[in-house]
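Visitor: Turn this into a model:
(chains A and B)
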Amino acid sequence: AQSVTQLDSQVPVFEEAPVELRCNYSSSVSVYLFWYVQYPNQGLQLLLKYLSGSTLVESINGFEAEFNKSQTSFHLRKPSVHISDTAEYFCAVLGKNTDKLIFGTGTRLQVFP
Amino acid sequence: NAGVMQNPRHLVRRRGQEARLRCSPMKGHSHVYWYRQLPEEGLKFMVYLQKENIIDESGMPKERFSAEFPKEGPSILRIQQVVRGDSAAYFCASSPDPGEQYFGPGTRLTVT
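Guide: Okay, here's the model as predicted:
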C-alpha cells in the first residue's frame, strides 16, 4: 500500500519569494509521483510528474520537483511565486502495480502582494 | 481533443433522492476512475472501471453507491437515497492505460 504526507496544510508567502511545498511518501513498491494544482472551485490540473529518468522534473510555469528515493520525498519548489500561483496543491503517488492514485491532504499556497 | 467532461457541474438533491453523475473520458481513453473530495480533504479513490467492467471498487461505500461504464456512453456514478454526508466534490479521471490520469472539472453535490 502507498501513503502520502503533506506536512504543511497552508503556506503563506509574499509575491516573488521562493517557496517549497513538502511531500513525503511511503510505498513497498516502485512508484510514479505527481503534483496536481486545484484553483478555487475547479478541477485538478496536472502540474508535473515523475515517471522515470531524470529525478528533476519541471513544469511550464516555473515549478520543479525532485524525486529523492532515499528520502522518499518529492518536494515542489518555485524560486519566485506570483499572485496567480495561489491555489491548493496536491501530491499524489501511483504504485507501479496499482491503478489508483493516493493523494496527500493538500497544501494551500497563499501568495500575498 | 476535448478534456474529461463531467456533468452536471453542480447538483442539489434532497435527502433520500438519487444522484446521477456523468463522466465522458477523453477520446481514446478506456480507463475511468472516480474520486471523492470531502470539504477540506484530499481526494479519495472510489472506483476504477474499463468499458463494461469494474476493475477495482475498493473505495466504494458498500451500500447506495454504484458505478458503470457501458460500451456506449459516459460513465455513471449513482448514489441512491443520498444523505448529508454524501455532499462532496466528485471527480472523474481517465487514462489511455493504467497510469497518468487526467481529471475532469468535478461535480459538486449538495444534499439538503
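Visitor: Count the neighbours of residue B:95 for me.
Guide: Residues within reach of residue B:95, counting by other C-beta atoms under 10 Å in any protein chain shown, total 19. Using the backbone N, CA and C atoms, a C-beta is placed for each residue, glycine as well.
Visitor: Roughly how far does it sit from residue A:7?
Guide: Distance of residue B:95 to residue A:7, given as C-beta to C-beta, to the nearest Å: 29 Å.
Visitor: contacting residues around the residue nearest to residue A:14 when sequence neighbours are not counted?
Guide: Leaving aside its sequence neighbours, residue A:14 sits nearest to residue A:112 (C-beta to C-beta, 6 or more residues apart in numbering or on different chains; 5.3 Å). Shown in contact with residue A:112 (C-beta atoms under 8 Å, 6 or more residues apart in numbering or on different chains): A:12, A:13, A:14, A:15.
Visitor: give the contact list for the first one.
Guide: Read that as residue A:12. A:110, A:112.
Visitor: pretty sure it is in a strand, no?
Guide: Yes. Assessed with DSSP: H, G, I helix; E, B strand; the rest coil, residue A:12 lies in a strand.
Visitor: Give me the pLDDT value at it.
Guide: Model confidence at residue A:12, given as pLDDT, is 97.
Visitor: Dig out what it forms beta bridges with.
Guide: residue A:110 (DSSP bridges).
Visitor: is it true that residue A:25 lies in a strand?
Guide: Yes. The assignment for residue A:25 is a strand, going by three-state DSSP.
Visitor: Hmm, residue A:72 and it touching each other?
Guide: Yes. Using C-beta atoms under 8 Å, residue A:25 makes contact with residue A:72 at a distance of 5.4 Å.
Visitor: low pLDDT regions in chain B?
Guide: In the predicted model, chain B carries pLDDT under 70 at residues B:1.
Visitor: State the helix or strand in which the residue nearest in space to the middle of it lies.
Guide: In chain B, the centroid-proximal residue (C-alpha atoms, centre = their mean) is residue B:34; its distance is 3.9 Å. Assessed by DSSP states H and E, residue B:34 sits inside strand B:31-37.
Visitor: just to revisit the earlier point, for the closest residue to the residue nearest to the centre of chain B other than its chain neighbours, the count of nearby residues, please.
Guide: Residue nearest to residue B:34 in three dimensions, not counting chain neighbours: residue B:46, with 4.4 Å by C-beta to C-beta, 6+ apart. Neighbourhood size, residue B:46 [other C-beta under 10 Å]: 22.
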